[in-house]
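Visitor: Requesting a structural model of the entry that follows:
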Amino acid sequence: MTMDTLHNVMELATSLEQRRAAAMVSGDIDDFAVMLSPDLSYVHSSGLYDSRESLLQKLRDGTILYRRAEATVESAIALGADAFMARGTLELDARVGAAERQMRSIYLVIWLRDGDAWRLVGHQTTSRPPQEKAIAS
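Guide: Residues are numbered from 1 along each chain as shown. Now for the predicted structure:
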């Protein structure tokens, strides 16, 4: 992979992840749905799994309501010409069921080209550990 390819994949990953975060918060479920592959595997930081259909249903019925989402891509690698994997950090404020939650997570996503569009096919988050305190000498 050339440096130009690496730079382009990072730009693409950042653009798609920022668009995804904005759609999650805006409540524009139709825009969010367009980004999702029919084969989506979506694993939440709680360990729960959603398919494309079950995730969209939870958004439509208000089971999940995203109030704030900030995704930062830290690395991205091409998986051939039509896919890439990215990882980064995610800060979320959400209502899940009746509980208000603030989440600090790390995530891994896989995006796949579908014609002229990119679709999210894999997503997994896990809670970030608390910041380690410096040890005094």
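
Visitor: shaky segments in this structure?
Guide: 1-7, 131-137 (pLDDT under 70).

Visitor: how does it look with 90?
Guide: Confidence mapping of the chain against pLDDT under 90 gives the ranges 1-7, 27-28, 45-47, 81, 99, 101, 127-137.

Visitor: residue boundaries of the strands in it?
Guide: 36-43, 49-50, 64-78, 83-96, 99-114, 117-127 (DSSP state E).

Visitor: Which one of those strands lies nearest to Asp28?
Guide: strand 64-78 (11.1 Å; CB to CB). In short, each C-beta sits where N, CA and C put it, glycine included.

Visitor: buried stuff in that closest one?
Guide: 64-66, 69, 71, 73, 76, 78 (16 or more other CB atoms under 10 Å).

Visitor: export those to CSV and tack on distance to Ala99?
Guide: Shown next, in CSV, are these (distance: CB to CB, whole Å):
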residue, distance to Ala99
Ile64, 11
Leu65, 11
Tyr66, 14
Ala69, 17
Ala71, 22
Val73, 28
Ala76, 32
Ala78, 38
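
Visitor: Return the closest of the residues you listed with respect to Arg113.
Guide: Using CB to CB, the buried residues of strand 64-78 come closest to Arg113 at Ala78, 10.8 Å.

Visitor: Distance from stretch 103-111 to the middle of the chain?
Guide: 5 Å (CA atoms, centre = their mean, to the nearest Å).

Visitor: mind saving the C-alpha coords of it as CSV?
Guide: Extracted in CSV, the C-alpha atoms of stretch 103-111 (Å, rounded to 0.1, in the frame of the first residue of the first chain):
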residue,chain,number,x,y,z
MET,A,103,-20.1,6.0,26.8
ARG,A,104,-16.4,6.2,26.0
SER,A,105,-15.6,3.4,23.6
ILE,A,106,-13.0,2.1,21.1
TYR,A,107,-14.5,0.7,17.9
LEU,A,108,-13.6,-1.3,14.9
VAL,A,109,-15.6,-1.0,11.6
ILE,A,110,-15.6,-2.6,8.2
TRP,A,111,-16.9,-0.7,5.2
